[in-house]
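Visitor: need the 3D shape of this:
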Amino acid sequence: GPAFQGKPYANGADVAYTRQWAVPDSMANRLENIYGKMPRLGKGEILGKTVDFQKMVDFLTFVPKRAKLVGSVFQHLDFLQRSGSGAWSGFADALRRGQPVEAVTHLAKWPKSAVDIVHSTFSPGARTRLAKLGVDPKPLWKDRQISNLMLREEGLSLRDPTLGIDLDDVIRQVKQEPKIVKLGKAPIRALDALERQWRQGLFQGTYPSAILSDVKNNIGPMIIRQHPEATDRQLAGMIAKATNKLYSVVPESQSVIQNKQARWFLTRFLFSLGENEGLLRSFTGAIAGENAALFRTRLVGTYLGLMFLASTIHFASTGKPLPLDRFVPVSKDKFGPLPFGYNTDFASPTLPIKGRGGVDIELDLVMQQDTIFRILDPKSFLNARFSVPVSTIRNQVAGTDFFGAPIDTVGPGGIFSRTSQLVQDMFAPIGAGQAGLEIFRNNVEESEGLITPGEGRLGTAGLGIQAGGVNLRAERTPELLDRIRGEVLRDRGIEETYEEIAATDLPLKAEIDTEVEERIGGELEIRGETAKLRGQQTPQSEGFEALEATRERQQVEQLADDTKLNSNQWTGDVWREKYADRQRQFFASKEQIKEDFQITFDERKSPPRSVNAAIDAYFDVNVDDERFSLPDGTIDWDAFFDARDAALKPLSPSDKKRVVQWLRKFDTPTVTEFRKAKDVV
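Guide: You can find the predicted model right below:
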């Protein structure tokens, strides 16, 4: 109706109603969102037992979510980072106002805040003091009566409101349900006590400690300076709303999602609705709004803090400055619908430890602050943010894990591997569980197929560090190849770049590739096998595999022909014609494969007088050219080989020797003898 209806009550023999309340539609939506009834899924019978579907959905959504976070310090580090960003924001704001001493003071206060955040996570006494501090009426700033109590009254949130339910109450109720809804009881029993303590440390310790200290030291003073004309209550409201966005603790009354049903659904469909809303609104808030200046300063402070920490760690680890490409959050890529996307190397220092195969490992310092850039690839953005049961269902329907590896390979219809993946998806803790599974897979052969490949390229040490909840990244294959190629060039005393060598001297490039293969060939092979398992091979990679298979098949067939020649089953003329036919077939197959798999090569002309220019001229000599045809229809091999030999004459003797060795690397012994007989070399 046009107003909130009054509630009926008995008034003697009559029925009376409380007052009706008419409010604007925007306010009505917020009141409905806060106080309205939750959607109900009703009850039903399964195997003769009555099941409350609402409780079942909540159990399957929120219990695995909490299990995923047990033992992980990811959220703790995230809030430490946000708190540090607040200090750097205060630093940037003070510098902008020409107050360098005050700027340094903002940074100097942060170490104590960090210690308090960590202490409150593990100390019940500290959490008790925080609970009292959160409603303390004592003014926080001089000349203002704004207190923590007033901030709370104006909407400051100190917890994640999108958890949506009293988890302990849900667990108790589910334990009283029929057996059909007790499927998750065993893992809950094992994790119950630890999970509760960990959750209390996070939501009653880390959250309020980080938020209250940042409000007092940074957020509050900046907003007060930006709005000197506002009343204390107005300022408290602005501080509360801005803080809720910055720490992703937006309550229902302040959320942009004001439809009760939509909010109920998204809270269970996404892993963390509040996390995404807070981070996205913090970024868009810097564009326009009453506190756009605060959010812009926050972005500047976050960037400064990230780059200072990344540069410090990288220099301490490598003795070198952070590479310039890691200062930019966006780079060109081909993964999303746009020609650019998030640069995953942004603010990621290299650590002193090595991964599998000696690869470099980077530390992801950005954590959740990359949200606005991740949205540049919408599909990947959404896939990474599904709730636990939604992700689990998606994997079971697709028959693959998150990375695309099949999960239906063990047991009839894949029942064993599917069940294993379901348990991992639902209950393996982020960090510790995933690292443990990967280490187990690498050391227990029987787990093959039951546990799909994870981040094994991090190595045991890297997985052990990531078990705590920090995010590490091993070198991607292009970066790994670039680094090892650079090392080979330095070891050989070559000043040119790999790209310059590839454009001018293919035989030297092949030598470098061979040495690179000797150094990291095992790691590259494992990565190739994993990519194939996950269906991540590019058409070009498949094409190069097909080319190699064609070359190997040609060599096998050539060896068979050589045997017939050497055993006198064939004359030399027959063998030579077969050889020419095979060369034509190989060329035709190669061109077809290049077309089928869209393999393209740089068509730029080789530099004059370069080794590659001579090689190009060599291959321009075609055996089917009319000048090499004899009257009887056979090939004038002498003229053909003389022409090819002439193409290599501009080369120095040493370069010619290298080129010939490179050209003949796939020759069989008989073909080599055939060429010698024709005086090619």
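Visitor: tell me the secondary structure at Arg159.
Guide: Here Arg159 is coil, with the state taken from DSSP: H, G, I helix; E, B strand; the rest coil.
Visitor: that one is in contact with Tyr207, isn't it?
Guide: Yes. Counting by Cβ atoms under 8 Å, Arg159 sits close enough to Tyr207 to count as a contact (5.8 Å). Glycine gets a C-beta too; all of them are placed from N, C-alpha and C.
Visitor: give me the common contacts of the two.
Guide: Common neighbours of Arg159 and Tyr207, counting by Cβ atoms under 8 Å, 6 or more residues apart in numbering, are Val249.
Visitor: looking at the two, which is more packed in?
Guide: Neighbour totals were compared for Arg159 and Tyr207, and Tyr207 leads with 25 against 15 (other Cβ atoms under 10 Å).
Visitor: is it correct that that one is in contact with Phe79?
Guide: Yes. Distance between Tyr207 and Phe79: 6.7 Å, which falls inside the contact criterion (Cβ under 8 Å).
Visitor: need the residues touching each of the two.
Guide: Taking Cβ under 8 Å, 6+ apart as the contact criterion, the residues that touch both Tyr207 and Phe79 are Tyr247.
Visitor: name the nearest residue to the most centrally placed residue in the chain, sequence neighbours excluded.
Guide: Note on the chain: the residue nearest the mean C-alpha position is Thr344, at 7.3 Å, using Cα atoms, centre = their mean. The shortest distance from Thr344 to any residue that is not its chain neighbour, by Cβ to Cβ, 6 or more residues apart in numbering, is 6.7 Å, and that residue is Arg473.
Visitor: for that neighbour, grab the count of nearby residues.
Guide: Close neighbours of Arg473, defined as other Cβ under 10 Å, add up to 19.
Visitor: residues in contact with the closest residue to His106 other than its chain neighbours?
Guide: Excluding its sequence neighbours, the residue lying closest to His106 (Cβ to Cβ, 6+ apart) is Gly90, at 3.3 Å. The neighbourhood of Gly90, defined by Cβ under 8 Å, 6+ apart, consists of Ala103, His106, Leu107, Asn217, Asn218, Pro221, Met222, Gly301.
Visitor: among those residues, who's most crowded?
Guide: Of all the contacts of Gly90, the most densely surrounded is Asn218 (29 neighbours; neighbours counted as other Cβ under 10 Å).
Visitor: I'd like to know how far that residue sits from Gln200.
Guide: Spatial separation of Asn218 from Gln200 under the definition Cβ to Cβ, to the nearest Å is 26 Å.
Visitor: and for Gln569?
Guide: For Gln569, the distance to Gln200 equals 85 Å [Cβ to Cβ].
Visitor: cool, Asn148 as well?
Guide: Asn148 is 20 Å from Gln200, by Cβ to Cβ.
Visitor: which of the two has more residues huddled nearby?
Guide: Residue environment comparison for Asn148 versus Gln200 gives the larger neighbour count to Asn148, 23 against 13, counting by other Cβ under 10 Å.
Visitor: that one against Ala131, yeah?
Guide: No. With contact taken as Cβ under 8 Å, Asn148 and Ala131 are classed as non-touching, separated by 10.9 Å.
Visitor: distance of the residue lying closest to Thr452 once chain neighbours are set aside from Glu529?
Guide: Distance criterion Cβ to Cβ, 6+ apart; nearest residue to Thr452, sequence neighbours excluded, is Ala405 at 4.1 Å. Using Cβ to Cβ, one obtains 11 Å as the distance from Ala405 to Glu529.
Visitor: higher neighbour count, these two?
Guide: For Ala405 versus Glu529, the count of surrounding residues by other Cβ under 10 Å is larger for Ala405: 20 against 11.
Visitor: for the more buried one, give its distance to Tyr579.
Guide: Distance from Ala405 to Tyr579, by Cβ to Cβ: 44 Å.
Visitor: then Phe79?
Guide: 71 Å.
Visitor: what do you get for Gly48?
Guide: 78 Å.
Visitor: same deal with Val250?
Guide: Taken as Cβ to Cβ, the spacing of Val250 relative to Tyr579 amounts to 75 Å.
Visitor: can you check Pro429 too?
Guide: Using Cβ to Cβ, which is the criterion applied here, Pro429 is 62 Å from Tyr579.
Visitor: got it, and Glu529?
Guide: 35 Å.
Visitor: likewise for Pro64?
Guide: 65 Å.
Visitor: where in this structure is pLDDT low?
Guide: For the chain, the stretches flagged by pLDDT under 70 are 1-4, 33-36, 38, 162-191, 601-604, 678-681.
Visitor: hmm, back to that, quick one, which of Gly48 and Tyr579 is more surrounded?
Guide: For the pair Gly48 and Tyr579, the greater number of neighbours falls to Tyr579 (21 against 7), based on other Cβ under 10 Å.
Visitor: surely the more buried one touches Asp561?
Guide: Yes. Between Tyr579 and Asp561 a contact is recorded at 7.2 Å, counting by Cβ under 8 Å.
Visitor: list the contacts of Glu495.
Guide: The neighbourhood of Glu495, defined by Cβ under 8 Å, 6+ apart, consists of Leu489.
Visitor: quick check on it: phi, psi?
Guide: Glu495 has phi and psi values of phi -90, psi -30 when expressed as degrees, to the nearest 10.
Visitor: show me where the stretch 1-150 of the chain has helices.
Guide: In the stretch 1-150 of the chain, the helices defined using DSSP state H, counting those that start in this stretch lie at 25-35, 53-69, 74-96, 100-122, 124-133, 148-153.
Visitor: right, so these: which one is the most enclosed?
Guide: Mean neighbours per residue, mean count of other Cβ atoms under 10 Å, is largest over the helices of the stretch 1-150 of the chain for helix 74-96, with a mean of 22.
Visitor: that helix: how far from the chain's middle?
Guide: Counting by Cα atoms, centre = their mean, to the nearest Å, helix 74-96 is centred 23 Å from the centre of its parent chain.
Visitor: repeat that for stretch 356-372.
Guide: Using Cα atoms, centre = their mean, the distance from the centre of stretch 356-372 to the centre of the chain it belongs to is 8 Å.
Visitor: buried set for that stretch?
Guide: Neighbour-count burial for stretch 356-372, counted by 16 or more other Cβ atoms under 10 Å, picks out 356-357, 359-372.
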